[in-house]
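**Q** sequence and predicted structure, then a few things I'm wondering about:
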Protein chains: 2
Amino acid sequence: MTQEQDKEIKKIAVMEDIYRENDRLAAETRDGLDRRNIFTVNIMGAPGAGKTSVLRGIIASMSDTPVAVIEGDIESDIDTKVLRELGINAFQINTGGACHLDAPMIQTRLADVQLSDNSILFIENIGNLVCPAEFQIGEHIKLLIVDATDGSDKPYKYPLAFEKADGIVLNKCDLKPYVDFDSAFFYKGVQALNRKAPVFEVSGKTGEGFPAVVAWLKERRACHK
Amino acid sequence: MTQEQDKEIKKIAVMEDIYRENDRLAAETRDGLDRRNIFTVNIMGAPGAGKTSVLRGIIASMSDTPVAVIEGDIESDIDTKVLRELGINAFQINTGGACHLDAPMIQTRLADVQLSDNSILFIENIGNLVCPAEFQIGEHIKLLIVDATDGSDKPYKYPLAFEKADGIVLNKCDLKPYVDFDSAFFYKGVQALNRKAPVFEVSGKTGEGFPAVVAWLKERRACHK
């Protein structure tokens, strides 16, 4: 075996170990949340897709259910502050460089935040359309946020996030008249990867489209109980 | 030492090894490009920021210099086809899942593409505002593409990409009237991280703003010779 091959084998072993340990901790976290009937949603999406705006839209249409939010960011706490100003129970995780949240981070953070039983916990992942899709964090479902200004080719270029999503929100639909968004091409790409996840067209800015997202979330939560 | 600590040490050693080997190969690649006077630009940005549209705008304003493009995507070759239809010398790299380009990938690809001496090579990285900033690929400069619809808080949330950029292009400025882009907040964030990189406001859609980007690229290229 060459030195290079030896290095490659060590690298693969380390990565497998990381994924295995992550999945074990994610399952442990999910069990703990299940015991308290806290339905947990992993919010994924590219930088600037409007994950926090969509969360605001969802929460505004969900006044009958207690919610909490964990905001994942590499640095800063801009979105946590915005949510807190709106009276939402929000907590920050800063990864200090890491490109995704993982199960150990969530387990550690959950140990020191106050959550209500029978609530919904939204965890906003790092803005990244690639890496977060590879890591379970203890969630019950994954909600993917994409937006009309980012173009209709995203399913073709970033397939894993679309494959893994339980639901997809297409945000910034108010801007469709000003951009070249090819709806047929987008939906064809989504369908090729994922025939189960519904797609909801919304606008975080105008507030349109959120009741349908909320109805679906409640249904998923009810099915899970 | 616990088993956990042992694993952590092995993980750090593997990562250090990957970065070290990557930097060595990047330097080797850069030397090879220097010998042929091929000025190389690493194009970084989030999914949908308009990296390919900006490239088209730059190349359209640069008719006096031979150029080539290497397109990095996880899957698909949509942008390579678009560029080739415009008569641009474009080559595809598919990472098959990896969230960034690295020096080994570029070195391998460069071995079998035809480039002209005394040209400019643009390498469009994977759409990701986090990971590509951590890996040199043999480039002379890094050009970061961000866009007005993604919001003005990006420097605060994704600092490394802004810190490492030699130049920054703010794309989709034609959409500013329809979105809440806080220019003062954006520029304050950029300035706090990087006082050297110029920021160019452009629109890939209308074609505005590209002559200034091209003039700056030519200046950087001339300084490097």
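**A** Thanks, I have the structure now.

**Q** chain A: helices as residue ranges?
**A** A:3-35, A:51-60, A:78-85, A:103-110, A:154-157, A:159-164, A:183-193, A:210-224 (DSSP state H).

**Q** between those helices, which one is closest to A:S116.
**A** The minimum distance between A:S116 and the helices of chain A falls on helix A:3-35, with 11.9 Å, by Cβ to Cβ. To be clear about C-beta, it is placed using only N, CA and C from the backbone, and glycine gets the same treatment.

**Q** and the closest one with helix B:3-35, angle?
**A** Between helix A:3-35 and helix B:3-35, the angle comes out at 130 degrees (axes from the mean of the first three to the mean of the last three Cα atoms, to 10 degrees).

**Q** what's helix A:3-35 packed up against?
**A** strand A:39-45, helix A:103-110, helix B:3-35 (3 or more Cβ pairs under 8 Å, 6 or more residues apart in numbering or on different chains; DSSP states H and E).

**Q** can you list the buried residues in the last one?
**A** What that stands for is helix B:3-35. By 16 or more other Cβ atoms under 10 Å in any protein chain shown, the buried positions in helix B:3-35 come out as B:V14, B:N22, B:L25, B:A26, B:T29, B:R30, B:L33.

**Q** of those residues, closest to chain A?
**A** B:V14 (4.9 Å; Cβ to the nearest Cβ).

**Q** now the closest one: closest residue in space, sequence neighbours ignored.
**A** A:V14 (4.9 Å; Cβ to Cβ, 6 or more residues apart in numbering or on different chains).

**Q** how about the residues of chain A near chain B?
**A** Chain A comes close to chain B at residues A:7, A:10-11, A:14, A:17-18, A:46-48, A:73-76, A:78, A:97, A:99, A:126-131, A:147, A:149-151, A:153-154, A:156-160, A:172, A:174-175, A:178-180, A:205, as judged by Cβ under 8 Å from any Cβ of the partner chain.

**Q** ok so, going back, now the helices of chain A as CSV including distance to B:M62 and mean pLDDT?
**A** Shown next, in CSV, are these (distance: least, Cβ to Cβ, whole Å; pLDDT from 0 to 100):
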stretch, distance to B:M62, mean pLDDT
helix A:3-35, 39, 90
helix A:51-60, 36, 97
helix A:78-85, 37, 97
helix A:103-110, 44, 97
helix A:154-157, 25, 98
helix A:159-164, 33, 98
helix A:183-193, 29, 98
helix A:210-224, 45, 96
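
**Q** out of those helices, nearest to B:L121?
**A** helix A:154-157 (21.5 Å).

**Q** report all helices and strands that the closest one contacts.
**A** Using 3+ Cβ pairs under 8 Å, 6+ apart: helix A:154-157 touches helix A:183-193.

**Q** got the angle between the helix it packs on and helix B:78-85?
**A** 130 degrees.

**Q** for helix A:183-193, buried residues please.
**A** A:F186, A:G189, A:V190, A:L193.

**Q** closest one of these to chain B?
**A** Checking the buried residues of helix A:183-193 one by one against chain B (Cβ to the nearest Cβ), the nearest turns out to be A:G189, at 9.4 Å.

**Q** which ones are touching the closest residue to the closest one other than its chain neighbours?
**A** Distances taken as Cβ to Cβ, 6+ apart put A:P155 closest to A:G189, at 3.1 Å, once the chain neighbours are dropped. With contact taken as Cβ atoms under 8 Å, 6 or more residues apart in numbering or on different chains, A:P155 is in contact with A:F162, A:F186, A:G189, A:V190, A:A192, A:L193.
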